[in-house]
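>>> Here is the input, now give the coordinates:
(2 chains)
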Amino acid sequence: MPRSLCVLVLVLIILHQDNWFWTDDRLIMGFMPIGLFYHACISIAAAAVWWWATKNCWPNDLERASESEGPSS
Amino acid sequence: MTQLYIIGGYLSLLLILGLFASRLFRGTSKDYMLASHSIGPFLLLMSLFGTTMTAFALVGSTGEAFKEGIGVYGMLASSSGIIHSLCFFVLGVKLWSFGHKYGYRTQIQYFRDRFESDKIGLLLFPVLVGLVIPYLLIGVMAAGGVINGVTQGRVVEGQVTNATFEEGTFPEFIEQGENGFAVDGSKGGVPRQLASLVICGVVLIYVFFGGMRGTAWANAFQTIVFMILGLVAFVVIATKLGGQESLLANLQEVASHVSHEKITRVNIPKLQFFTYLLVPLSVGMFPHLFQHWLTARSASSFKLPVVAHPVFIMIVWVPCVLIGIWATSDLIQVPPPVKANPNILLPFMVKKLAGPVLGGFLTAGILAAIMSSLDSQFLCIGTMFSTDMVTHYAGEDRFTDRQLVLITRVFIVAIVALTYVFSLFEPRAVFTLGVWCFSGFASLFPLVFASLYWRRMTKAGAYASVLAAICTWAYLFNESGFASNREYRLDLRLGGETYHMMPVVGMFAASLIALVVVSLISKPPSKETLAKFFPVSE
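The predicted structure follows:
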């Protein structure tokens, strides 16, 4: 796994431990607890990281190797 | 009764789908078990997501949010969005390529080759099947609880009114419970034991007829059903509870009635929250996910599931968590039996706040989520038995393809029957049992990860890792009273303070340490094996 992707995943994991919103009871738009809203944003950020990974770090060599050798059964 | 008709109609639809898929069945065991590697990106996304989102995601998350508040989302949903896709990316694609190249159908075939050990299969087979059984149990228990919950009558002063079935309709031993019909019996609904049996029967039939192709199609269909109906349930429940004109006004009204402790994480220890991150690593070792990975048409088919999985989790979990915390408000009276059994909170809310027709459809949506996991699990344990035990020891030519499919089906029935018998005993909280099951699989994560990325990992290291993982799991599971103690945690005492951690930390650490230490002091893999799994270009 490329180092840039490792760093991004590590950042996601650090951001996941949001001690700063632990006891915060504010409601976003008047209904969404901020702790839940923040973690929903983490889910979207994770999708963005994985989208970036499929564009920039995809193991094309594995696909090519499998295609060239073909299935054995 | 309307709800029951709708549920019956939905189950019939699934059977038709399975029968239709069987018309495309090519008659080979490879087609039955892996759909001839023909699954494209969309179907792969839907089947992977449908498989990982089980009763745990809908029934369990709502019930746990009711007890613990919003923290449940961070503990298992946002963490899964990061970790599941990571597993698809770093494990799924690589295992798919080895499976495609060397013709693997199961994890055990891969591990036997990678560790040059025939007997690793004998160790892993009972461990993997043994860990799948609690996972199956979650679905079977939840399905029975949900159908019973939405069809039962109202209990007023010890009397059941508005029941779907009169007392005496079903045999006494499934209708009365331990303390009577109106206390913990069927309360005029379909008894949970009977409902669980019907769900097992329906899933068995469409898995038998459709094999992996039918399972993938049914998963895609059911995933669409439960995502759409889940959102409908969310809107309906918010509207009924809020009583305002617009959806936003309803959401704001309901949220204003929820207590501080449910919209924060004041009751969740921070270290425990952090250690939950290890639990989603379980997807790396789920045998049914391994089988789904192998169905992919190409490595590129993984791109869509890797990206969309976190967002799909959010779409399903956020409404469930919000419904769970709303149930703690003073806008709805949750009766003591429901408070005591969080598994039936979601069906209770659906029954109480949606009309019978919508309630029927919403229940079908919950069942869709449950069945879309059961089917893959049924199929994978049958595949493992026929491939890793029967064909492996009896020889490739001992049985015809059709005989192998039959053997697969017989083993599936045996395991489902065993699971069903377990489900008849005292039900456990779906969430708690799910976490134990996932923790067991997560503790095997070092095995699969190191096998792919660490050349120095040895056969002895693999044995040590599996034994350490399963022994610590069994010990801690026993200590927790077989999941009856919901609060069971590992305590870390530092500087006079006690920090709580999830039991998965102990299992994972034991497995990892055993793997590294034993691998370093044992004989490295042969040059042939290293050339096979670690080509020079990598």
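>>> B:Leu137 and B:Thr419 touch, don't they?
Yes. A contact is recorded between B:Leu137 and B:Thr419 when judged using Cβ atoms under 8 Å, the distance being 5.5 Å. To be clear about C-beta, it is placed using only N, CA and C from the backbone, and glycine gets the same treatment.
>>> so where do the strands sit in chain B?
Along chain B, the stretches classed as strands by DSSP state E are B:154-156, B:159-161, B:490-494, B:497-501.
>>> between those strands, which one is nearest to chain A?
Ranking the strands of chain B by their distance to chain A (criterion: Cβ to the nearest Cβ) puts strand B:497-501 first, at 13.8 Å.
>>> Need the strands of chain B in TSV (columns: mean pLDDT, mean neighbour count and distance to A:Trp52).
Formatted as TSV, the entries for the strands of chain B read as follows, by pLDDT from 0 to 100; neighbours: other Cβ atoms under 10 Å in any protein chain shown; distance: least, Cβ to Cβ, whole Å:
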stretch	mean pLDDT	mean neighbour count	distance to A:Trp52
strand B:154-156	73	14	53
strand B:159-161	74	14	56
strand B:490-494	82	11	36
strand B:497-501	83	14	32
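>>> got TSV for these, with distance to chain A too?
Written out in TSV, the entries for those read as follows (distance: least, Cβ to the nearest Cβ, whole Å):
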stretch	distance to chain A
strand B:154-156	30
strand B:159-161	35
strand B:490-494	16
strand B:497-501	14
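>>> The stretch 301-450 of chain B against chain A: which residues are in contact?
Counting by Cβ under 8 Å from any Cβ of the partner chain, the residues of the stretch 301-450 of chain B close to chain A are B:303, B:306-311, B:313-314, B:318, B:321-322, B:325.
>>> Please repeat the previous calculation with a cut-off of 10 Å.
Of all the residues in the stretch 301-450 of chain B, those in contact range of chain A (Cβ under 10 Å from any Cβ of the partner chain) are B:301-315, B:317-318, B:321-322, B:325, B:396.
>>> Tell me which of those residues fall in helices.
Applying DSSP state H to these, the entries found in helices are B:303-315, B:317-318, B:321-322, B:325.
>>> Test my guess that B:Ser79 contacts B:Val279.
Yes. Under the criterion of Cβ atoms under 10 Å, B:Ser79 is in contact with B:Val279, at a separation of 7.5 Å.
>>> neighbour-wise, which of the two wins?
In this comparison of B:Ser79 against B:Val279, neighbours counted by other Cβ atoms under 10 Å in any protein chain shown, the higher total goes to B:Ser79 at 28 against 25.
>>> A:Gln17 is in contact with B:Gln272, isn't it?
No. Under the criterion of Cβ under 10 Å, A:Gln17 is not in contact with B:Gln272, lying 11.5 Å apart.
>>> For the longest helix seen in chain A, which helices and strands make contact with it?
Of all the segments of type helix in chain A, defined by DSSP H, the longest one is helix A:34-56. In terms of contacts (3 or more Cβ pairs under 10 Å, 6 or more residues apart in numbering or on different chains; DSSP states H and E), helix A:34-56 is packed against helix A:3-16, strand A:27-28, strand A:32-33, helix B:71-72, helix B:79-87, helix B:260-263, helix B:303-326.
>>> list the buried ones in that helix?
Counting neighbours by 16 or more other Cβ atoms under 10 Å in any protein chain shown, one finds that the buried residues in helix A:34-56 are A:34-40, A:42-43, A:45-47, A:49-50, A:53-54.
>>> hmm, which two among those are most spread apart?
Comparing every pair within the buried residues of helix A:34-56 by Cβ to Cβ identifies A:Ile34 and A:Thr54 as the most remote, at 30.5 Å.
>>> And B:Phe165, how far from chain A?
Taking Cβ to the nearest Cβ, to the nearest Å as the measure, B:Phe165 falls 39 Å from chain A.
>>> per-residue pLDDT, that residue?
B:Phe165 is assigned a pLDDT of 76 by the prediction.
>>> And for it, the neighbour number?
Taking other Cβ under 10 Å as the definition, B:Phe165 ends up with a neighbour count of 20.
>>> Not counting residues beside it along the chain, what's closest to it?
Across the structure, with Cβ to Cβ, 6 or more residues apart in numbering or on different chains as the measure, the residue nearest B:Phe165 apart from its sequence neighbours is B:Gly188 (5.6 Å).
>>> Distance check, the residue nearest the centre of chain A against B:Ile470.
Centroid-nearest residue in chain A: A:Ala46, 2.3 Å away (criterion: Cα atoms, centre = their mean). Using Cβ to Cβ, to the nearest Å, one obtains 31 Å as the distance from A:Ala46 to B:Ile470.
>>> Which residue is it, in the stretch 351-500 of chain B, that comes closest to chain A?
B:Tyr453 (8.7 Å).
>>> Now do the contacts for that residue.
Taking Cβ atoms under 10 Å, 6 or more residues apart in numbering or on different chains as the criterion, B:Tyr453 is in contact with A:1, B:90-91, B:94, B:534, B:538.
>>> where does the chain have low pLDDT?
Because you didn't say which chain, this covers chain A. When residues are selected by pLDDT under 70, those of chain A lie in A:63-73.
>>> actually it's chain B I care about, not the one you picked
Under the criterion pLDDT under 70, the flagged ranges of chain B are B:21-38, B:55-56, B:178-184, B:210-211, B:213, B:426-431, B:537-538.
>>> For the closest residue to chain A within chain B, grab the count of nearby residues.
Minimum separation of chain B from chain A (Cβ to the nearest Cβ) falls at B:Gly103, amounting to 3.2 Å. Under the neighbour criterion other Cβ under 10 Å, B:Gly103 is assigned a count of 13.
>>> can I assume it is in contact with B:Glu396?
No. With contact defined as Cβ under 10 Å, B:Gly103 does not count as touching B:Glu396 (11.3 Å).
>>> need the helices and strands packed on helix A:34-56 in TSV with distance to B:Ala509, can you?
What follows is those, written out as TSV (distance: least, Cβ to Cβ, whole Å):
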stretch	distance to B:Ala509
helix A:3-16	18
strand A:27-28	37
strand A:32-33	33
helix B:71-72	24
helix B:79-87	17
helix B:260-263	32
helix B:303-326	27
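>>> Can you tell me which of the ones you listed is nearest to B:Pro171?
For those, distance to B:Pro171 was read as Cβ to Cβ. The smallest value, 34.4 Å, belongs to helix B:303-326.
>>> Centre of the chain to the closest one, how far?
Centroid separation for helix B:303-326 versus its chain: 15 Å, with Cα atoms, centre = their mean, to the nearest Å.
>>> Good, we can wrap up now.
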